[in-house]
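**Q** What would the 3D arrangement of this be:
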Amino acid sequence: MSDTNEFETTPVSPQQLQPARNFAASYSGEHVAGTEFVIGALFVSWGVSAENIIYGLLLGNFLAVMTWGLITAPIATDTRLTLYAYLEKIAGSHTIKLYSVVNGVLFCILAGAMITVSASAVRVIFDIPPQVNWYPTDFSFVLVALGVGAVVVTIAMQGFEKVARFAEICAPWMILMFVVGAIAMLPTLIERTDGVSSIHSFSDFMTVANNSIWIETDSDLSFWHVAAFAWIANLAMHGSLGDLTLLRFAKSSNYGYFSALGMFIGHYVAWVCAGIMGAGAGMLLNTTVLQLDAGEVAFQALGAAGIIAVIIAGWTTSNPTIYRAGLAFQSLNHNWSRTKVTIVTGVVTTIISCFPFVFTQLLGFVGIMGLMLAPIGAVIVTEHWIFPRIGFTRYWNTYRGNNMNVPAVTTWLTSLGLAFYLEQSNTLHLFFLLIPIWLFATVLYIGLAAVMGANQSYPQAQHAETLELARKAEEKAYLSTNAQRGLQNKPSVGVFYKSARVVLYLALIACAVMGISVYAGGDFEQFKSWLILPTVIYFVAATIWIARKE
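**A** So this is what the prediction gives:
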């Protein structure tokens, strides 16, 4: 995609739509991230039982996938607009400027956290002390964060297609590293668990988990807290509709269900595996998991390959996050170059990354970020789906010539005020605010919009609807024709590239076998020393394989 069409005030053309593999790679890559090392380890410190972790994460991630599949993706493929373009259509140019600044700043902070995680791995190489405060305690870490940030911004500048291709290379190996690291660390945990000499059943695993990993205390947190957090961890992308920006390129709304790759691999398997690695690293170093950063946890479990894992995991998440932040700021002025905006956004993000608050405040920030944006998600869903069903007019604010949708802004700010009150008064935990705030915002917006003219008819509406139906018919015809051509003209793959694919699979198998051998009694230190070899082979072969599409 060229620089000129990364932001569009008009729908994405059929020629720009991307294949399913890009979304599968993007979701699996983005959500198998460096922060999974942090979140998975923090669950260990929550003081909830293994059962609450295992089953709570199942429910919460299922709800997240359903939100993507049933709400975000259908709206994205129906409108083919970025979140910012669609919100401007609903709420006016002044509203979108306010929202874009808030959204862009939040995404910058989140992307900065990802770069911080990557930097925590690089700092192991230079023997810099772990950075577990909200501020840096060693200037060398600041230099490392700036260097890592420069690489991330360079990749993000390339646009969605290049970002997705980078994730496509990294995702399979990245996923495997979480699993291999957990398997290799299990003997350390088994050795220190009374009554279990090896794991022969799920019951044996749960015994180890309850006694050596997720140890239940008198914590106020429960199964429902775990499930709710898993649901809202990416609320900014699904419930707040941030992923309209990416899913507008999807050929089908069903691509929203590719989020399951991210949720159940990244936010289930990776969180569980990170918890195992974090607990094991704490035992090996005779310290608590709260005193360890992601780089240390991965290094203790995977050696040099763990450092690479954390670096790349941070990159694969910060890249699309900076891309989103850049689009948010670009929406302030459609004539701004996306590349230049991304550079400026990346500089701000990299500066934020020098402050490693991520290791102490990540869970709270993720919840706050999602809830700050959720009322706008409720407004969009209400206008897109509910208004036509109750006889209201979509885009009524635009037809009235208003630059600001007063009911939308009022709903947003009032909902935030209510959320703040409910949380500060201890009426509801932060993680439980989504449903009441969403329902409140929906009802309030319908009422205020009715007073301001949404329940009236506008002559422009029929003409706009006719143009939209014609666009959708053209897109459907193009996709049907293009699909037939794709089947007839599927390009062949040369021997060189086929060989590269075989090698990359063999490298992944070698990584898995090495981890299993440690669990079966092999030398743990030897495993950590040699895992880097199949890792390097994998990346060389995977890069060659992906390059066949150039």
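**Q** Measure how buried residue 17 is and give me the count.
**A** When neighbours are counted by other CB atoms under 10 Å, residue 17 registers 20. (Glycine included, C-beta is placed from N, CA and C.)
**Q** you'd agree it is up against residue 250?
**A** Yes - if you go by CB atoms under 8 Å, residue 17 and residue 250 touch, sitting 7.0 Å apart.
**Q** Poorly predicted segments of the stretch 401-550 of the chain, please.
**A** The stretch 401-550 of the chain contains residues with pLDDT under 70 at 483-493, 548-550.
**Q** what about 50?
**A** For the stretch 401-550 of the chain, the stretches with pLDDT under 50 are 487-488.
**Q** Sketch out the helices for it, chain order is fine.
**A** When assigned using DSSP state H, counting those that start in this stretch, the helices of the stretch 401-550 of the chain occupy the ranges 406-424, 434-452, 459-488, 495-519, 524-530, 532-547.
**Q** would TSV of these with distance to residue 398 and mean neighbour count be doable?
**A** Compiled in TSV, the helices of the stretch 401-550 of the chain are given as follows (distance: least, CB to CB, whole Å; neighbours: other CB atoms under 10 Å):
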stretch	distance to residue 398	mean neighbour count
helix 406-424	12	18
helix 434-452	13	18
helix 459-488	8	12
helix 495-519	49	17
helix 524-530	59	16
helix 532-547	42	18
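**Q** Figure out which of those is closest to residue 299.
**A** helix 524-530 (8.3 Å; CB to CB).
**Q** and that closest one, what does it pack onto?
**A** Contacts defined by 3 or more CB pairs under 8 Å, 6 or more residues apart in numbering; DSSP states H and E place helix 524-530 against helix 160-191, helix 304-330, helix 495-519.
**Q** ok, residue 97 - contacts?
**A** In this structure, residue 97 makes contact with 331, 332, judged by CB atoms under 8 Å, 6 or more residues apart in numbering.
**Q** can I see the domain layout of the chain?
**A** 22-362, 491-550 (automatic domain parsing).
**Q** Can I get the ones you listed in CSV including distance to residue 457?
**A** Output for the domains of the chain, formatted as CSV (distance: least, CB to CB, whole Å):
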stretch, distance to residue 457
domain 22-362, 18
domain 491-550, 49
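**Q** most neighbours per residue, which of the ones you listed?
**A** Per-stretch averages of neighbours, counted by mean count of other CB atoms under 10 Å, single out domain 22-362 among the domains of the chain, with a mean of 22.
**Q** sorry, back to before: out of the domains of the chain, the one nearest residue 390 is which?
**A** Here domain 22-362 is closest among the domains of the chain (CB to CB), at 15.9 Å.
**Q** What is the end-to-end distance of that closest one?
**A** End-to-end distance for domain 22-362: 28 Å, by CA to CA, to the nearest Å.
**Q** list the contacts for the residue nearest to residue 53 when sequence neighbours are not counted?
**A** Once flanking residues are discounted, residue 53 sits nearest to residue 214: 5.1 Å by CB to CB, 6 or more residues apart in numbering. Contact partners of residue 214, counting by CB under 8 Å, 6+ apart, are 43, 44, 46, 48, 49, 50, 52, 53, 275.
**Q** low-confidence ranges in this structure?
**A** For the chain, the stretches flagged by pLDDT under 50 are 1-7, 487-488.
**Q** Next one: the residue of the chain most remote from its centre from residue 467, what distance?
**A** No residue in the chain sits farther from the centre than residue 459, which is 41.1 Å out by CA atoms, centre = their mean. To residue 467, residue 459 is 14 Å away according to CB to CB, to the nearest Å.
**Q** Could you do residue 530 as well?
**A** 61 Å.
**Q** got it, and residue 199?
**A** Counting by CB to CB - residue 199 and residue 467 are separated by 61 Å.
**Q** swap in residue 301?
**A** 56 Å.
**Q** And the helices in the stretch 201-350 of the chain, which stretches?
**A** Along the stretch 201-350 of the chain, counting by DSSP H, counting those that start in this stretch, helices occupy 202-208, 223-232, 244-247, 259-260, 270-285, 294-302, 304-330, 338-353.
**Q** Equivalent analysis for the stretch 51-200 of the chain, please.
**A** 73-79, 83-91, 93-125, 139-156, 160-191.
**Q** wait, isn't residue 76 in contact with residue 251?
**A** No - counting by CB under 8 Å, residue 76 stays clear of residue 251, with 11.4 Å between them.
**Q** Which neighbours do those two have in common?
**A** Listed contacts common to residue 76 and residue 251 are nil; contacts here mean CB under 8 Å, 6+ apart.
**Q** Quick check: the gap between the closest residue to residue 15 other than its chain neighbours and residue 35.
**A** Sequence neighbours aside, residue 478 is the residue nearest to residue 15 in space, at 7.5 Å (criterion: CB to CB, 6+ apart). Noted for residue 478: a distance of 38 Å to residue 35, by CB to CB.
**Q** Alright, calling it a day.
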